[in-house]
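Chemist: Sequence plus predicted model, see below.
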Amino acid sequence: MTVLLVEDDASIALVITAALEAEGFRVTHCDSIAERDRLIAGQRFDALVTDVMLTDGDGIETIGTVRAAAPDMPIIILSAQNTLDTAVRASDTGAFEYFPKPFDIDELARTVRQAVGSASRGEEAEEDAPVAGLPLVGRSAPMQAVYRMITRVLRNDLTVLVLGESGTGKELVAEAIHQLGHRKDGPFVAVNTAAIPAELIESELFGHEKGAFTGAVARHIGKFEQANGGTLFLDEIGDMPMQAQTRLLRALQSGSVRRVGGREEIKVDVRIVAATNRDLEPMIAAGTFREDLFYRLNVVPITLPPLRERADDIPALARHFLQLAAGEGLPRHQLSGDAADLLARQPWRGNVRELRNFIYRLALLAREDAIDAESVASLLQQAARSDGESGGALDLAGAVVEWLAANRPAPGTVYDAALAAFERPLFIEALRETQGNQLRAAQLLGINRNTLRKRLSDLAIDPAEVHRLG
Ligand SMILES: Nc1ncnc2c1ncn2[C@@H]1O[C@H](COP(=O)(O)OP(=O)(O)OP(=O)(O)O)[C@@H](O)[C@H]1O
Ligand SMILES: [Mg+2]
């Protein structure tokens with residue numbers, strides 16, 4: 001069995017050749033695209049193992065000639081440019097497997113063996129234009145795992161559950177799955193299930209008929225129907241009230257929705273991507289998240305690493321945000337190596353979002369074009385000070401602005417949605433203080449007890465539950 005290896009780094013080529021020969025393959029090595037095409041035109045190979053960046057071109061962009069000469073030959077792509085873009089382009093060629101460098105040489109040899117075994121099944125190659133303008137930055141190993149998972153869901157409609165701490169990029173991943181996937185020409189509809197008052201959730205998701213309830217002055221098309229033919233992104237799924245979970249589950253099982261006050265079952269064709277920063281398993285155990293809904297959603301879990309576990313990516317992210325800031329009219333700056341290292345050593349509990357906000361502030365405040373470690377250190381100190389002081393009022397204002405940007409409630413619902421987002425943590429805190437006693441919580445808050453009770457029921461907050469979970 002023969003393998004053609006296209007690799008311009010001689011030492012890597014040597015190692016791969018040795019590993020493949022140990023597996024019983026005969027290896028022909030070349031280091032350019034021109035030579036690759038010449039060899040393929042004259043001879044049949046059982047598999048192609050190819051690097052991407054070659055001296056005379058891009059190994060993925062030029063794969064068409066290989067496909068034309070040998071349509072069924074499995075292709076295995078190696079790349080040092082470990083971006084989502086490369087992973088996606090590799091999977092678009094119908095490549096058998098994509099290996100970000102550095103990779104495990106034995107795993108590569110095993111994969112070549114499997115690829116040769118499966119070639120007889122003759123997979124169809126798809127030729128897509130390379131995708132530009134990808135939003136995800138970072139080439140660390142944990143992000144590589146994320147990119148691989150993303151590429152695996154682009155050609156199908158499997159339900160994806162995106163998990164990870166706040167600010168790790170869950171929404172960005174959901175958008176990337178839509179933009180790169182086969183539904184990209186359909187709508188992408190995002191709905192933040194935590195931001196909608198409980199009594200409006202069903203109408204938001206499924207729509208309502210005119211006159212279905214007081215205030216339903218016109219027919220309303222819900223998010224499911226709006227997303228027909230595209231992707232529905234259910235964000236903050238862990239904060240969804242129980243009753244809405246039940247309705248959601250029913251819609252997912254039947255593939256159809258019924259508008260509130262309507263009779264008709266309306267078929268909808270949507271791809272579901274859900275996200276949460278909550279740990280759902282304890283919630284299932286506590287009875288606040290439906291187990292059957294969890295299994296419906298958790299078909300392909302994609303877990304985003306916290307930024308502290310991929311500190312290697314911080315310099316690239318910081319430079320990316322400086323560029324974005326400049327694109328939005330802030331002064332243009334360069335980041336020194338020391339400054340980038342200092343950023344990489346910070347804990348970033350708010351993950352990429354916190355880093356992004358910090359870099360924007362830096363772009364705004366830095367006096368010199370070149371930002372050095374000293375300017376970073378002084379801004380870090382300032383931030384630590386204002387956190388330590390009573391910075392409360394300032395933080396809340398900032399949080400509102402950020403919350404609005406992140407959640408973009410639908411026009412006409414902004415006030416209610418923002419109020420619900422504000423009241424929820426406030427009430428939970430008050431109930432915690434008072435061990436779930438509503439009378440004392442109302443006194444503490446200085447509001448009428450009946451008002452509190454009504455709002456708790458609107459927000460689907462169960463005081464006994466709050467007390468039990470502490
Ligand atoms: N890998 C990345 N590359 C570039 N920007 C990123 C990346 N990850 C996150 N961001 C940016 O960080 C910010 C937060 O990301 P996002 O809103 O997707 O987080 P999230 O996980 O949905 O957070 P939350 O749980 O709070 O909703 C956004 O401005 C996003 O564009
Ligand atoms: Mg989010």
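Modeler: Great, that's in hand. Ligands and ions are numbered 1, 2, ... in the order given.

Chemist: can you pull the contacts of the residue in the stretch 351-470 of the chain that ligand 2 sits nearest to?
Modeler: Nearest to ligand 2 in the stretch 351-470 of the chain, going by Cβ to the ion, is A406, at a distance of 5.9 Å. For every residue, glycine as well, the C-beta is placed using N, CA and C. By Cβ atoms under 8 Å, 6 or more residues apart in numbering, the contact list for A406 reads E171.

Chemist: so how many other residues sit close to the residue in the stretch 51-200 of the chain that ligand 2 sits nearest to?
Modeler: Nearest residue of the stretch 51-200 of the chain to ligand 2 (Cβ to the ion) works out as E171 at 4.0 Å. E171 sits with 18 neighbouring residues when counted by other Cβ atoms under 10 Å.

Chemist: what does V260 give?
Modeler: The local packing of V260 (other Cβ under 10 Å) involves 20 other residues.

Chemist: what does the model give the residue of the stretch 351-470 of the chain closest to ligand 2 for pLDDT?
Modeler: pLDDT for A406: 71.

Chemist: do you know how far it is from G337?
Modeler: Going from A406 to G337 by Cβ to Cβ, to the nearest Å gives 32 Å.

Chemist: Likewise for A251?
Modeler: The value you get for A251 to G337, if Cβ to Cβ is used, is 52 Å.

Chemist: In terms of neighbours, single out the busier of those two.
Modeler: Applying other Cβ under 10 Å to A251 and G337 shows that A251 carries more neighbours, namely 21 against 10.

Chemist: Quick one: name the residues of the stretch 51-200 of the chain near ligand 2.
Modeler: Contact residues (Cβ under 5 Å from the ion) of the stretch 51-200 of the chain with ligand 2: 170-171.

Chemist: for the stretch 51-200 of the chain, what spans make up the helices?
Modeler: Using DSSP state H, counting those that start in this stretch, the helices of the stretch 51-200 of the chain run over residues 63-69, 84-92, 105-118, 141-153, 170-180.

Chemist: show me what contacts R424?
Modeler: Taking Cβ under 8 Å, 6+ apart, we find R424 in contact with 194, 239, 459, 461.

Chemist: ok, the second one - how many residues close by?
Modeler: One way to gauge burial is a neighbour count; for D239, by other Cβ under 10 Å, it gives 21.

Chemist: my guess is it contacts T193, does it?
Modeler: Yes - with contact defined as Cβ atoms under 8 Å, D239 counts as touching T193 (6.3 Å).

Chemist: can you list the domain ranges for this structure.
Modeler: The record, using automatic domain parsing to delimit domains, assigns the chain the ranges 2-121, 142-303, 309-392, 411-469.

Chemist: give me the residue from this protein nearest ligand 1.
Modeler: Nearest residue of the chain to ligand 1: G169, at 2.6 Å (Cβ to the nearest ligand atom).

Chemist: Count the residues that sit near the closest residue to R310 other than its chain neighbours.
Modeler: Once flanking residues are discounted, R310 sits nearest to S140: 4.0 Å by Cβ to Cβ, 6 or more residues apart in numbering. Using other Cβ under 10 Å, S140 has 18 neighbouring residues.

Chemist: Make sure S140 is actually in contact with D313.
Modeler: Yes - in this structure S140 lies within contact range of D313 using Cβ under 8 Å: 4.8 Å.

Chemist: A strand includes the residue of the stretch 351-470 of the chain closest to ligand 2, no?
Modeler: No - the assignment for A406 is helix, going by DSSP: H, G, I helix; E, B strand; the rest coil, so no strand is present there.

Chemist: Make TSV out of the domains of the chain and add mean pLDDT.
Modeler: Below are these laid out as TSV (pLDDT from 0 to 100):
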stretch	mean pLDDT
domain 2-121	85
domain 142-303	93
domain 309-392	89
domain 411-469	86
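
Chemist: returning to that earlier point: present the contacts of R424 as CSV; the columns should include distance to ligand 1 and secondary structure.
Modeler: Formatted as CSV, those follow (distance: Cβ to the nearest ligand atom, whole Å; DSSP: H, G, I helix; E, B strand; the rest coil):
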residue, distance to ligand 1, secondary structure
A194, 9, coil
D239, 11, helix
L459, 19, coil
I461, 20, coil
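
Chemist: Need the buried ones from the residues you listed selected in PyMOL.
Modeler: The buried subset of those, as determined by 16 or more other Cβ atoms under 10 Å, is captured in PyMOL by this line:
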select buried, resi 194+239+459+461
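
Chemist: What parts of the stretch 301-450 of the chain come near ligand 1?
Modeler: Taking Cβ under 6 Å from any ligand atom as the criterion, the stretch 301-450 of the chain approaches ligand 1 at residues 317, 320, 352-353, 356, 406.

Chemist: Could you grab the helix/strand/coil label for A212?
Modeler: Counting by three-state DSSP, the backbone at A212 sits in coil.
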